[in-house]
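>>> Structure for this input, please:
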Amino acid sequence: MRFLAVLLLAPWLAILGGLYWAFPRRLPRTFARRAFDLAALLIAAAATLSLADAGYSADHGDAGAIWKQVIAALAAYGAFAGVLLAALLLRARLFRARAVPAQGR
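Presented below is the predicted three-dimensional model:
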């Protein structure tokens, strides 16, 4: 029950991870970029599981039992999206596309 929120979010997180992996197409696809992307996705997955567990375990006061899953889902999604956003910005700086000189007419 602890990771039910992640299980329910898994299809959407897989779509976001696939889009992160595939785009932007203009950046060179080198071994270094693929290694960076894989590391970012693994860190995002670890952060997702970690924050989902923390959200589920947190004290929710007098709130109903459903709030354990709601807070876990929000924390998991926030962690995944935050790590991928940071990786996207860092990747744009590290792996800039080389400008192709325009051909003379």
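
>>> Now the helix ranked longest in the chain: average pLDDT?
Looking across the chain with DSSP state H, the single longest helix is helix 66-94. Per-residue pLDDT over helix 66-94 has a mean of 93.

>>> list the helices and strands it packs on?
Contact here means 3 or more Cβ pairs under 8 Å, 6 or more residues apart in numbering; DSSP states H and E; on that basis helix 66-94 packs against helix 4-22, helix 31-57. C-beta: built from backbone N, CA, C; applies to glycine.

>>> and it, how far out from the chain's middle?
5 Å (Cα atoms, centre = their mean, to the nearest Å).

>>> any idea of the angle that helix forms with helix 4-22?
10 degrees (axes from the mean of the first three to the mean of the last three Cα atoms, to 10 degrees).

>>> Give me the buried stretch members for helix 66-94, please.
Neighbour-count burial for helix 66-94 flags 68-69, 71-73, 75-77, 79-80, 83-84, 87, 91 (criterion: 16 or more other Cβ atoms under 10 Å).

>>> and what of stretch 17-29?
Using 16+ other Cβ under 10 Å as the test for burial, stretch 17-29 gives 17, 20, 27.

>>> Extract the CA atoms of that stretch and return them as PDB.
Provided in PDB are the C-alpha atoms of stretch 17-29 (Å, rounded to 0.1, in the frame of the first residue of the first chain):
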ATOM      1  CA  GLY A  17      10.600  10.100 -18.900                       C
ATOM      2  CA  GLY A  18      10.300   9.000 -22.500                       C
ATOM      3  CA  LEU A  19       9.700  12.500 -23.700                       C
ATOM      4  CA  TYR A  20      12.700  13.700 -21.700                       C
ATOM      5  CA  TRP A  21      14.800  10.900 -23.300                       C
ATOM      6  CA  ALA A  22      13.700  11.700 -26.900                       C
ATOM      7  CA  PHE A  23      13.700  15.500 -27.000                       C
ATOM      8  CA  PRO A  24      15.100  17.900 -28.000                       C
ATOM      9  CA  ARG A  25      16.200  16.200 -31.200                       C
ATOM     10  CA  ARG A  26      18.600  19.000 -32.100                       C
ATOM     11  CA  LEU A  27      21.100  18.200 -29.400                       C
ATOM     12  CA  PRO A  28      23.800  15.800 -30.400                       C
ATOM     13  CA  ARG A  29      23.200  12.200 -29.200                       C
END
